[in-house]
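Asks: Give me a model of this one.
(one chain, ligands or ions: 1)
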Amino acid sequence: MKRNSSRSSSYDHVVVGAGSAGCVLASRLTEDPRTRVLLVEAGPRDKSLKMRIPLAFAELFDSEYDWAFRTEPQKQLDGRSVRWPRGRTLGGSSSLNGQVYCRDRAIDFRSWEPGWTFDDLLPYFRRSERSSYGTPALHGDAGPLHVTRPRRPHRLTAAFVAAAEQTGLQHVDDLNSEPGTDVVGHSPLNQWRGRRWSSADAYLRPAAKRRNLTVLTDTLCTGIEIHGRQAVSVTLRQGSQTIRVRVDGEVILAAGAISTPHLLQISGIGRPSDLTAAGTTVLHELPAVGHYLQDHPLVFLVRACRRPISLYGAGGVRDLLSWAVLRRGPLASNAAEALAFLRTHESLDGPDIELGFVPGPFVDGGYGTPTAHAMSLAINLLQPVSRGSIVLRDPEAAHPPRIDPGYFTEPGDLNVLVEGIRSAMDIFDAEALAVHAGDWMDSPAPDATRTAIEAFIRRNASTGFHPVGTCRLGSDNQTSVVDTSLRVHGITGLRIADASVFPHIGRGHPHATVVALAERAADLIRAQHP
Ligand SMILES: Cc1cc2nc3c(=O)[nH]c(=O)nc-3n(C[C@H](O)[C@H](O)[C@H](O)COP(=O)(O)OP(=O)(O)OC[C@H]3O[C@@H](n4cnc5c(N)ncnc54)[C@H](O)[C@@H]3O)c2cc1C
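Replies: This next block holds a predicted model:
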């Protein structure tokens with residue numbers, strides 16, 4: 001990635017965070033050669049081969065490319081602290097995520113503000129996509145973000161899809177086609193010819209040579225300076241050096257659902273009790289900053305595979321060669337090759353459980369070392385009611401905030417996940433998959449009572465990697481942080497465009513919506529600064 005050498009101390013816009021959203025913003029805003037943009041990224045450049053190899057993403061956990069956050073001990077999870085990986089490199093979390101491109105559904109946007117319906121966002125989904133799915137009314141085919149079918153799904157994945165159909169789910173080709181409530185299909189992917197296609201690949205690299213774009217990596221934003229009610233500059237730290245950069249237009253926070261509220265709090269914007277407890281002066285009261293956090297909690301069921309055909313052991317010389325030469329073979333798998341969406345009650349108007357099938361052992365949320373051939377199924381709670389918070393510990397930007405997702409603090413969430421586990425076990429037992437299935441490994445017993453399944457969830461539940469909602473979009477300044485144009489309530493020159501602004505968690509995977517939202521944010525900014 002070229003770094004523009006003509007650094008100046010003032011820019012039209014400064015984008016903080018080069019993740020899923022930040023790369024979109026930097027690219028779109030610099031299409032106008034008169035607009036000077038600085039993109040600031042705390043992490044290093046996205047150099048690792050493990051980012052390109054689809055199956056290798058879990059090997060990036062706890063590396064220099066991962067913030068490696070940990071939650072506060074979770075009362076409802078036997079006091080366990082949960083590991084929260086987050087991308088810390090160009091492309092952000094899109095450089096180490098599971099590559100599933102699955103939009104939130106139209107019903108998910110019903111709880112957003114007017115002007116943010118699915119139909120309002122559809123032109124931006126389409127603008128972002130270079131989709132191989134056809135259906136031009138729904139998909140774009142000329143955008144920067146490749147969306148493809150898996151190259152060659154594993155035969156166990158085909159068995160899972162068939163088994164899900166045997167339990168009554170409908171097989172659909174395109175999970176981004178508003179497919180109905182009880183469906184199964186192969187995962188649409190952000191891949192191109194068998195390699196990951198991150199936001200940096202899609203948006204940043206093609207823009208990197210522009211003279212009006214400066215990209216600073218290994219640079220931590222440590223605060224936003226507010227004069228009166230106007231954002232005027234950002235403070236950056238590179239090693240031991242501190243740099244102040246003046247902003248003539250806007251500061252756009254795209255640091256993600258954890259770091260964006262943290263940065264606001266450090267800068268004196270937030271809930272007064274949070275700020276004063278951490279020794280920070282309150283400059284601007286906005287009680288919703290860092291609150292209303294939601295995530296998709298999940299548990300994995302793992303079942304032995306009778307024959308040695310799973311992804312266990314993938315990564316040997318032959319697999320590496322096959323990927324390097326042909327971009328095929330087990331390493332081209334994104335792990336969660338198929339998804340099923342289902343309702344735990346017929347009265348629901350949308351799915352409340354997602355099952356993600358991995359044709360291999362996925363142990364301890366990707367942190368464990370597999371020991372045998374197996375298949376894994378992630379049972380994902382799509383509409384949790386529980387909410388949590390991100391709150392600064394002290395005024396130092398490099399210190400991680402307190403992350404409390406509040407998993408299962410609303411008891412109804414546990415009930416839904418128990419039902420999801422039962423449905424998942426039914427699919428494992430359906431003929432098409434049962435022929436491959438051996439003993440249950442990390443799973444409740446097939447005849448487990450509700451109490452035993454609940455205990456299993458408390459022992460094993462983890463993150464679905466989808467935190468949102470910590471700087472919600474909304475029209476009032478008590479329960480939301482940004483207005484419907486994504487401007488921070490009460491401050492001019494400060495906008496947020498990332499996963500933190502989702503008012504409610506959706507039923508999809510957030511990257512698709514984050515990219516569309518950032519595409520729209522770029523239009524909003526350009527309209528205000530013609
Ligand atoms: C392991 C994993 C698997 C996932 N799988 C999927 C999936 O398959 N499909 C899907 O849709 N979603 C998935 N997600 C979630 C998805 O990737 C995120 O929701 C999305 O990338 C969030 O985009 P963002 O722009 O809000 O934040 P990010 O992409 O996280 O970007 C934020 C950027 O800001 C930088 N930053 C933070 N603080 C500062 C600071 N103070 N100064 C400078 N820079 C800073 C970060 O380093 C990062 O690069 C996954 C996430 C993870 C972690």
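Asks: and whichever residue of the stretch 51-200 of the chain sits closest to the ligand, how many neighbours?
Replies: Using C-beta to the nearest ligand atom, the closest approach of the stretch 51-200 of the chain to the ligand is made by Gly92 at 2.6 Å. From N, CA and C alone the C-beta is placed, and that goes for glycine too. Other residues near Gly92 number 35, with proximity taken as other C-beta atoms under 10 Å.
Asks: Model confidence score at the nearest residue to it once chain neighbours are set aside, please.
Replies: The spatial neighbour of Gly92 that comes closest, neighbours along the chain excluded (C-beta to C-beta, 6 or more residues apart in numbering), is Gly19 at 2.0 Å. Among the per-residue scores, Gly19 holds a pLDDT of 98.
Asks: Wait, Gly19 touches Ala254, no?
Replies: Yes - between Gly19 and Ala254 there is a contact at 6.2 Å, judged by C-beta atoms under 8 Å.
Asks: Now do the shared contacts for these two.
Replies: Asp498 (C-beta atoms under 8 Å, 6 or more residues apart in numbering).
Asks: which regions of the stretch 1-150 of the chain lie under the pLDDT threshold?
Replies: Scanning the stretch 1-150 of the chain for pLDDT under 70 picks out the ranges 1-8.
Asks: Show me where it has its strands.
Replies: For the stretch 1-150 of the chain, the strands defined by DSSP state E, counting those that start in this stretch occupy 10-16, 37-40, 69-70, 83-84, 129-131, 145-147.
Asks: which one of the ones you listed lies closest to Ile457?
Replies: Relative to Ile457, the nearest member of these by C-beta to C-beta is strand 83-84, separated by 16.9 Å.
Asks: Give me the packing partners of the closest one, helices and strands only.
Replies: With contacts taken as 3 or more C-beta pairs under 8 Å, 6 or more residues apart in numbering; DSSP states H and E, strand 83-84 sits against strand 69-70, strand 462-463.
Asks: on contacts alone, who are the packing partners of the helix or strand that the last one is followed by?
Replies: Sequence order places strand 494-496 as the next helix or strand after strand 462-463, per DSSP states H and E. Under the contact definition 3+ C-beta pairs under 8 Å, 6+ apart, strand 494-496 sits against strand 241-253, helix 510-528.
Asks: which one of the ones you listed is the most hemmed in?
Replies: Per-residue neighbour counts averaged over each of the helices and strands packed on strand 494-496 give the maximum for helix 510-528, namely a mean of 23 (mean count of other C-beta atoms under 10 Å).
Asks: May I have that helix as CSV, with CA atoms only?
Replies: This file holds the C-alpha atoms of helix 510-528, laid out as CSV (Å, rounded to 0.1, in the frame of the first residue of the first chain):
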residue,chain,number,x,y,z
PRO,A,510,-22.9,-7.0,9.5
HIS,A,511,-20.1,-6.4,6.9
ALA,A,512,-22.6,-6.1,4.0
THR,A,513,-24.7,-3.5,5.8
VAL,A,514,-21.6,-1.6,7.1
VAL,A,515,-20.2,-1.3,3.5
ALA,A,516,-23.6,-0.1,2.2
LEU,A,517,-23.9,2.4,5.1
ALA,A,518,-20.4,3.7,4.4
GLU,A,519,-21.3,4.1,0.7
ARG,A,520,-24.3,6.2,1.8
ALA,A,521,-22.2,8.2,4.3
ALA,A,522,-19.9,9.2,1.6
ASP,A,523,-22.8,10.6,-0.4
LEU,A,524,-24.1,12.5,2.7
ILE,A,525,-20.6,14.0,3.3
ARG,A,526,-20.2,14.9,-0.4
ALA,A,527,-23.6,16.6,-0.4
GLN,A,528,-22.7,18.7,2.6
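Asks: right, quick check: that helix against the ligand, any contact?
Replies: Yes - judged by C-beta under 6 Å from any ligand atom, helix 510-528 comes into contact with the ligand at 510-512, 514.
Asks: May I see these organised as JSON lines, with pLDDT added?
Replies: As requested, the residues of helix 510-528 next to the ligand are arranged in JSON lines below (pLDDT from 0 to 100):
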{"residue": "Pro510", "pLDDT": "98"}
{"residue": "His511", "pLDDT": "98"}
{"residue": "Ala512", "pLDDT": "98"}
{"residue": "Val514", "pLDDT": "98"}
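Asks: Among these, find me the one that's closest to Asp46.
Replies: In terms of C-beta to C-beta, no member of the residues of helix 510-528 next to the ligand lies closer to Asp46 than His511, at 15.3 Å.
Asks: Could you measure from the closest one over to Ile309?
Replies: Shown here: His511 relative to Ile309, a distance of 30 Å by C-beta to C-beta, to the nearest Å.
Asks: next one: Glu225
Replies: Relative to Ile309, Glu225 is positioned 58 Å away (C-beta to C-beta).
Asks: Tell me which of the two has more neighbours.
Replies: Per other C-beta under 10 Å, whichever of Glu225 and Ile309 has more neighbours is Glu225, with 18 against 15.
Asks: Need the winner for burial among the strands of the stretch 1-150 of the chain.
Replies: The highest mean neighbour count among the strands of the stretch 1-150 of the chain belongs to strand 37-40 (a mean of 27), with neighbours defined as mean count of other C-beta under 10 Å.
Asks: Tell me which strands that strand pairs with, and in which orientation.
Replies: Strand 37-40 has these partner strands in its sheet, going by DSSP bridges: strand 10-16 (parallel), strand 213-216 (parallel).
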